[in-house]
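Asker: Pasting a predicted model and its sequence here:
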Amino acid sequence: MVLPDAARAVLQKPLVVRMAVNDPNGYPHVVPVWFGLDGDDIMIFGFYDTRKIDYIKADPRGSVQVGGDFGNDGYLLKGDYKLESDPDHQWARTITYAYEVDRANADKLLAEWTAKELFLVRLVVNKVIKV
């Protein structure tokens with residue numbers, strides 16, 4: 001799937017997106033997250049001891065919603081999540097530096113976060129809906 005140019009333009013901004021996974025009862029579990037782009041895939045990192053990881057293992061289907069606030073363009077990206085490794089915390093670093101403009105503070109956050117076990121999730125987008 002190739003992201004439309006208009007969706008890619010919104011995804012180039014350091015916006016907080018809403019990541020949705022399905023809980024065991026079929027209800028959406030939605031959390032705000034930072035993200036990065038790898039081609040047309042959405043990359044998200046976080047702590048391994050969170051419910052969303054268990055939910056992804058049980059059902060990889062999910063979505064990410066970006067933008068759409070107060071008349072701005074917004075998109076719902078649907079697809080399948082894949083858990084991956086993040087050697088040397090490369091994605092954690094890339095994403096954190098995109099959001100935290102103060103490099104010293106970014107480095108402080110990364111030192112704290114990477115002391116714990118982090119996950120990396122790739123959303124392989126298969127459908128884009130303008131919201």
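Answerer: Right, received. Where do you want to start?
Asker: contacts, neighbours, all on C-alpha from now
Answerer: Fine.
Asker: quick one, helices of this structure?
Answerer: 5-11, 51-58, 90-99, 103-113 (DSSP state H).
Asker: Flag every buried residue along the shortest one.
Answerer: Within helix 5-11, the residues scored as buried using 16 or more other CA atoms under 10 Å are 7, 10, 11.
Asker: would you list the helices of the chain in CSV and tack on distance to residue 74?
Answerer: Formatted as CSV, the entries for those read as follows, by distance: least, CA to CA, whole Å:
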stretch, distance to residue 74
helix 5-11, 8
helix 51-58, 23
helix 90-99, 19
helix 103-113, 27
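Asker: Would you reformat the ones you listed as TSV and include distance to residue 129 and mean pLDDT?
Answerer: Converted to TSV, those look like this (distance: least, CA to CA, whole Å; pLDDT from 0 to 100):
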stretch	distance to residue 129	mean pLDDT
helix 5-11	9	93
helix 51-58	22	93
helix 90-99	24	95
helix 103-113	33	95
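Asker: Compare these and give me the one nearest residue 77.
Answerer: In this view, these are compared for proximity to residue 77 by CA to CA, and helix 5-11 is the closest at 9.3 Å.
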